[in-house]
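This is a predicted model, with the sequence first.
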Amino acid sequence: MLGAGILVSTAFGAGDHKLVERQVSTAAIAGTAFSVAFSLLCVLLATPLLRLLQVPADILPMAVRYLRIVFSGLIFTFFYNFLAAVMRALGDSKSALYFLMVSSVLNIGGDLFFVKVLAWGSEAAPSPRC
């Protein structure tokens, strides 16, 4: 997303709003397609990937479930990173920071609620978004 952010900020600085729209939409479409395809591929190949990494057989089912949950959430990670990059490219770095702060608090609160209060175990804990 860094490359798209550079192109968007360059076009925005030049005042070419049509080019900004085209670059944002192209990056959004390409990134979404890649994220969905990569997520599906990784969800389907979670077991072979973990076997390749020689994960012990006794924890393999739990590791597969966890990895599939993480891979299923890649699209949300993409959208956050994409929107944050676009906001920064348009000169608004504060909104991206505020959104990250709110999502961090919600992540911690969600972990505590689903794992401790509802006792859903570690599978209910949202994966960290980087």
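Yes, it's here.

confidence score at residue 80?
You'll see residue 80 listed with a pLDDT of 89.

quick one: low-confidence ranges for the protein?
Within the chain, the segments meeting pLDDT under 70 span 1-2, 122-130.

quick one, helices of it?
Under the criterion DSSP state H, helices of the chain are mapped to 2-13, 17-44, 46-52, 60-72, 74-89, 93-111.

highest average neighbour count across those?
Ranked by mean neighbour count, these are led by helix 74-89 with a mean of 18 (mean count of other Cβ atoms under 10 Å). Yep, even glycine has a C-beta here, placed from its N, CA and C like the rest.

same for that one, what does it pack against?
Identification of packing neighbours for helix 74-89 by 3 or more Cβ pairs under 8 Å, 6 or more residues apart in numbering; DSSP states H and E yields helix 2-13, helix 17-44, helix 93-111.

Just put those in TSV and tack on distance to residue 79.
Below are these laid out as TSV (distance: least, Cβ to Cβ, whole Å):
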stretch	distance to residue 79
helix 2-13	13
helix 17-44	8
helix 93-111	11
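
Those helices: which one's closest to residue 56?
Closest to residue 56 of the helices and strands packed on helix 74-89 is helix 17-44 (Cβ to Cβ; 20.6 Å).

before we move on, back to that, would you tell me which of the helices and strands packed on helix 74-89 gets closest to residue 52?
Across those, closest to residue 52 is helix 17-44 (Cβ to Cβ), at 12.7 Å.

name the helices or strands packed onto the closest one?
Packing partners of helix 17-44 (3+ Cβ pairs under 8 Å, 6+ apart): helix 2-13, helix 60-72, helix 74-89.

Distance from that helix to the middle of the chain?
Distance of helix 17-44 from the chain centroid (Cα atoms, centre = their mean, to the nearest Å) equals 12 Å.

tell me the angle it makes with helix 74-89.
Interaxial angle, helix 17-44 versus helix 74-89 (axes from the mean of the first three to the mean of the last three Cα atoms, to 10 degrees): 160 degrees.

Centroid-nearest residue for the protein?
Centroid-nearest residue in the chain, with Cα atoms, centre = their mean: residue 77, separated by 0.9 Å.

related to what we said a few turns ago, can you add distance to residue 120 and give the helices of the chain back as a markdown table?
Listed next are these as a markdown table, based on distance: least, Cβ to Cβ, whole Å:
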| stretch | distance to residue 120 |
| --- | --- |
| helix 2-13 | 36 |
| helix 17-44 | 20 |
| helix 46-52 | 20 |
| helix 60-72 | 12 |
| helix 74-89 | 19 |
| helix 93-111 | 10 |
